[in-house]
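Asker: sequence plus predicted model, see below.
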Amino acid sequence: QLQLVESGGGLVQPGGSLRLSCAASGFTLDYYAIGWFRQAPGKEREGVSCISSSGGSTKYADSVKGRFTISRDNAKNTVYLQMNSLKPEDTAIYYCAARGRLCSFLGLEYNYWGQGTQVTVSS
């Protein structure tokens, strides 16, 4: 069974950090670009970051540039999203998803999705 599983979410104070993980089972991530998306209550899903299958290309939403870093460890079949300087507006459910080799912020282009992990930024 092909699965993506996110972990690492939680409650953090403004200015704090979290590292999200996206682990694959049933398939290897080597051939897939991985995107991170988020959806806050009452808002549309938005692309946050993505990394190409080779790791040579990354993309970030303007709202997280300079604060979030995406990386991948193909040996561990895992992609990470390091989130620093978190703000209350970063509060959302974060999802990872897999598609072909190239990055995209179009959710419809992704074939596999995880179940999501909640990130709450609040004092």
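Answerer: Received it, and whenever you're ready, just let me know what you need.

Asker: where does the chain dip in pLDDT?
Answerer: Scanning the chain for pLDDT under 70 picks out nothing.

Asker: which residues in it form strands?
Answerer: 3-7, 10-12, 18-25, 33-39, 46-51, 58-60, 68-73, 78-83, 92-99, 112-113, 117-121 (DSSP state E).

Asker: and the ones you listed: which comes nearest residue 105?
Answerer: strand 46-51 (3.0 Å; Cβ to Cβ). Quick note: C-beta positions are derived from backbone N, CA and C, even for glycine.

Asker: run through who's touching the closest one.
Answerer: Residues outside strand 46-51 that contact it (Cβ atoms under 8 Å, 6 or more residues apart in numbering) are 33-39, 57-61, 64, 68, 70-72, 79, 81, 94, 103-107.

Asker: which residue packs closest to residue 1, ignoring adjacent ones?
Answerer: Excluding the flanking residues, the one nearest residue 1 by Cβ to Cβ, 6 or more residues apart in numbering is residue 26, at 5.1 Å.

Asker: could you do residue 71 as well?
Answerer: Going by Cβ to Cβ, 6+ apart, residue 71 has residue 80 as its nearest residue, at 5.1 Å.

Asker: count of neighbours near the one you found?
Answerer: 21 (other Cβ atoms under 10 Å).

Asker: pretty sure it sits against residue 19.
Answerer: Yes: Residue 80 is within contact range of residue 19, at 5.8 Å (criterion: Cβ atoms under 8 Å).

Asker: any idea how far the residue nearest to the spatial centre of the chain lies from residue 67?
Answerer: In the chain, the centroid-proximal residue (Cα atoms, centre = their mean) is residue 36; its distance is 2.7 Å. According to Cβ to Cβ, to the nearest Å, residue 36 and residue 67 sit 13 Å apart.
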